[in-house]
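Chemist: Okay, structure incoming, though there's no sequence with it:
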């Protein structure tokens with residue numbers, strides 16, 4: 001192997017071929033390698049290959065970040081259907097779905113940086129700082145907010161959120177009547 005070739009290139013011209021193979025003509029359109037084609041390869045293509053690999057890796061990471069960002073949004077329709085099918089009564093199944101929807105949205109919103117942390121790691125040192133994925137994080141938080149609102153809406157439809165006037169009756173100030181009418185009952189004493 002010559003020093004200008006890469007480590008994965010083999011030089012078949014140095015092999016001792018049997019006489020039967022030497023008599024076989026080359027296929028149509030085949031041109032044997034020349035020394036000029038070997039000297040053409042330098043270290044610049046390997047640098048551009050590594051740059052292309054880094055560019056492709058960054059594109060894959062960005063695509064993966066968008067997939068992570070819309071993941072909670074994809075689950076919203078399934079969650080909404082489960083909430084619809086559970087009814088508006090206060091049962092253990094309905095309470096479980098509402099609790100898990102609200103808890104998952106809060107937990108997902110708090111851990112937004114942990115969700116995107118695997119994308120920030122780099123196996124090779126690069127001069128550029130890693131991307132922040134801010135638009136993807138904002139979309140992720142909006143999807144988590146939509147899940148939270150869906151859970152609160154279902155809890156309100158079940159009557160668990162005190163939003164109506166009847167829920168606050170005990171805090172109303174009692175009014176003293178101005179006059180009392182005994183009605184048709186006479187005085188007994």
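Modeler: Ah, there it is. Predicted model only: the values in this text are computed from it and were never measured.

Chemist: helices or strands next to the helix or strand harbouring residue 150 in the packing?
Modeler: Remark: residue 150 resides in helix 134-157, with elements defined by DSSP states H and E. Here helix 134-157 touches helix 43-86, helix 92-110, helix 112-120, going by 3 or more CB pairs under 8 Å, 6 or more residues apart in numbering; DSSP states H and E. Yep, even glycine has a C-beta here, placed from its N, CA and C like the rest.

Chemist: winner for burial among those?
Modeler: Ranked by mean neighbour count, these are led by helix 92-110 with a mean of 16 (mean count of other CB atoms under 10 Å).

Chemist: now that one: how far from the chain's centre is it?
Modeler: Distance, stretch centre to chain centre, for helix 92-110: 18 Å (CA atoms, centre = their mean, to the nearest Å).

Chemist: sorry, back to before: give me the angle between the helix holding residue 150 and helix 43-86.
Modeler: Interaxial angle of helix 134-157 relative to helix 43-86 (axes from the mean of the first three to the mean of the last three CA atoms, to 10 degrees): 10 degrees.

Chemist: now the angle from helix 134-157 to helix 112-120?
Modeler: Relative orientation of helix 134-157 and helix 112-120, computed by the same axes, to 10 degrees: 150 degrees.

Chemist: Apart from its chain neighbours, what residue comes closest to residue 104?
Modeler: Spatial nearest neighbour of residue 104, chain neighbours left out: residue 147 (6.7 Å); criterion: CB to CB, 6 or more residues apart in numbering.

Chemist: which ones are touching that neighbour?
Modeler: Applying CB atoms under 8 Å, 6 or more residues apart in numbering, we find residue 147 in contact with 72, 75, 76, 79, 101, 104, 105, 108.

Chemist: Turn those into CSV, columns for pLDDT and distance to residue 89.
Modeler: Listed next are the contacts of residue 147 as CSV, based on pLDDT from 0 to 100; distance: CB to CB, whole Å:
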residue, pLDDT, distance to residue 89
72, 90, 27
75, 90, 24
76, 92, 23
79, 91, 18
101, 93, 17
104, 93, 22
105, 93, 23
108, 92, 28
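
Chemist: Provide a list of residue ranges in this protein with pLDDT below threshold.
Modeler: Residue ranges of the chain with pLDDT under 70: 1-5, 10-22, 34-47, 122-129, 182-189.
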